[in-house]
Every structure is written in structure tokens, then in C-alpha cells.
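A.B. asks: Compute the structure for the input listed below.
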Amino acid sequence: MASEFDQYASDYEAMQKDPLRHSFSKDGTFFFERKWLLIRSYLASLGRDLSNVSWLDIGCGKGELLRLGRPEVASITGCDVSTAMLELCPDIASRPMTDPERLPFPDQSFDLLTAVCVYHHVAPDGRAALTREAARVLRPGGVFAIIEHNPLNPATRLIVRRLPMDRHAILLGSWETRRWLRAAGFVSLDTTYFLYLPEKPFRMFSGLETALKRVPLGGQYAVFARKQ
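C.D. replies: Numbering: from 1, shown residues only. From the prediction side, this is the model:
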């Protein structure tokens, strides 16, 4: 996986150009904005003060999501199996994952972990180990957010089939994601489905997506969990 994403690093955005994906967001920024809105909203619902939060993004790629949240949190850190990707975010503290099932950080290092569209690139027999690692590096009471493509959405499945970086992807439903989290000892799981609307309609009718967040048909989903 590391060598594969090293090859994609230089023209990753160009390789994601798909007519259907493009209809939702022309440059892809909207996808990161939606994810950060969900993460920020969930932390706010717990009464968390973002200014005290240390955040690790697992599989951070070029760091787009971290940069969106950087002004609001105490610290940002990334890690990725692809060193070529990490070289493209020199403004972010990061470490390479030499083992895709192990996070290169000490125990209880972070308050917030995110893994955005990462698990479908992890072999199914390695997902439990990665989730246990997330629990290890998270502080008690910390939050882990896993965001993934929703295999119940036909448009999502079509886009994944057509994108070269997803040719080996094995999608996982929200029920499987919750299962890995529970097995690793996480509690208070909350699932939100989103990306029903393209960028322009969303900005006009964002309340519609909020109303549909429990309907399991959005293009992607987010599962939030806390460490006991």
C-alpha cells in the first residue's frame, strides 16, 4: 500500500477526477470541509474545548483535513504509510507508518484521532489491530472518528470502481466499523450519514442533510466513539 500511494502522490488530485465525483465538488475541497464540520460538531456536542485538543490524523495524505482544523485545535499531527505523501505536507508534524497496523506514537498521546477513508485500504484481517492501536495512543475520554465510503450508496460504489487509487479497496459498512470499535473497547458510538447533496445545494439546504443523518444512504458515513 505504501509504494502504491507513493506513486499516486504527485498527481493524486488529477487521478480523482471523475464526472460523478466532480458533480459534487469541483476541486474536492468541499469533501474535507464536510468532514471537518462533522468532527467539530460532534466535539461541540460533548462540550469539548477544541483549543485544548491534540489531534492525530491517521492516513493524513497531504494534510488537507488537518489544515482546516489547525486554527481551532491545540496541535495537529499526521501519519501515513506513504512517505511521498508526507513530503507534500512539510508544514505539518508527521511520522511515517512503517507498519500499516502500528501507529508510531507512545501510549495516550492524543485527545482526537481521525481515520478518513483509510480503513477500506487496510486488509480486513488488519483492521482490528489498527483499531486497537488507535485505542492505545488515545487518552482516556478521547474521541476516535472513522469516516468511510458508504457501500450502500450506488453512486459511491460506482466512483470507487472507477478511481485507480481505489482499485484494491474493500469497502466496509458502518456496522462493521462499529464492530471493530466495540471490540477495541470504545464506547458511546454515534453514526452520521452524509454527502447526500452536492456542494451548491448543501450550502442552501444544509438542514436537509442534518435531517437525513440517520438514514444509511449517504455517500459517506462517520462513526464517532470514545475511549473509556
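A.B. asks: When you work out contacts or count neighbours from here on, use the C-alpha atoms and nothing else.
C.D. replies: Will do.
A.B. asks: residue contacts, Lys200?
C.D. replies: Residues counted as contacts of Lys200 (CA atoms under 8 Å, 6 or more residues apart in numbering): none.
A.B. asks: Which residue of the protein lies farthest from its centroid?
C.D. replies: No residue in the chain sits farther from the centre than Met204, which is 24.9 Å out by CA atoms, centre = their mean.
A.B. asks: From Pro198, how far out is that one?
C.D. replies: 10 Å (CA to CA, to the nearest Å).
A.B. asks: Setting aside sequence neighbours, what's the nearest residue to the residue sitting nearest the centre point of the chain?
C.D. replies: Closest residue to the average C-alpha location of the chain: Val116 at 1.3 Å, with CA atoms, centre = their mean. Ranked by CA to CA, 6 or more residues apart in numbering and with sequence neighbours excluded, the top spatial neighbour of Val116 is Ile147, at 4.7 Å.
A.B. asks: before we move on, back to that, next up, phi/psi of the residue farthest from the centre of the chain, please.
C.D. replies: The phi/psi pair for Met204 (degrees, to the nearest 10) reads phi -90, psi -30.
A.B. asks: pLDDT score assigned to it?
C.D. replies: With respect to pLDDT, Met204 scores 93.
A.B. asks: Distance of it relative to Leu197?
C.D. replies: 10 Å.
A.B. asks: quick one: least confident helix or strand in the chain?
C.D. replies: helix 12-15 (a mean of 51; mean pLDDT, DSSP states H and E).
A.B. asks: so where do the strands sit in this structure?
C.D. replies: With DSSP state E, the ranges of strands along the chain come out as 54-58, 75-80, 93-96, 110-116, 138-149, 186-194, 220-227.
A.B. asks: Can you mark which positions in the longest one are buried?
C.D. replies: So that's strand 138-149. Neighbour-count burial for strand 138-149, counted by 16 or more other CA atoms under 10 Å, picks out Leu138, Arg139, Gly142, Val143, Phe144, Ala145, Ile146, Ile147, Glu148, His149.
A.B. asks: How about the second one: what's its closest non-neighbour residue?
C.D. replies: If you skip the residues right next to it in sequence, Arg139 has Gln108 as its closest partner in space, 4.3 Å away by CA to CA, 6+ apart.
A.B. asks: For that neighbour, the count of nearby residues, please.
C.D. replies: 14 (other CA atoms under 10 Å).
A.B. asks: Also Arg132?
C.D. replies: Using other CA under 10 Å, Arg132 has 19 other residues around it.
A.B. asks: One more: Phe186?
C.D. replies: 24.
A.B. asks: From Met165, how far off is it?
C.D. replies: Taken as CA to CA, the span from Phe186 to Met165 is 30 Å.
A.B. asks: Okay, now the unreliable bits of the protein?
C.D. replies: 1-20, 22-23 (pLDDT under 70).
A.B. asks: can you pull out the helices in it?
C.D. replies: 2-8, 12-15, 19-24, 29-45, 64-69, 83-86, 127-137, 154-162, 174-183, 199-204, 206-211 (DSSP state H).
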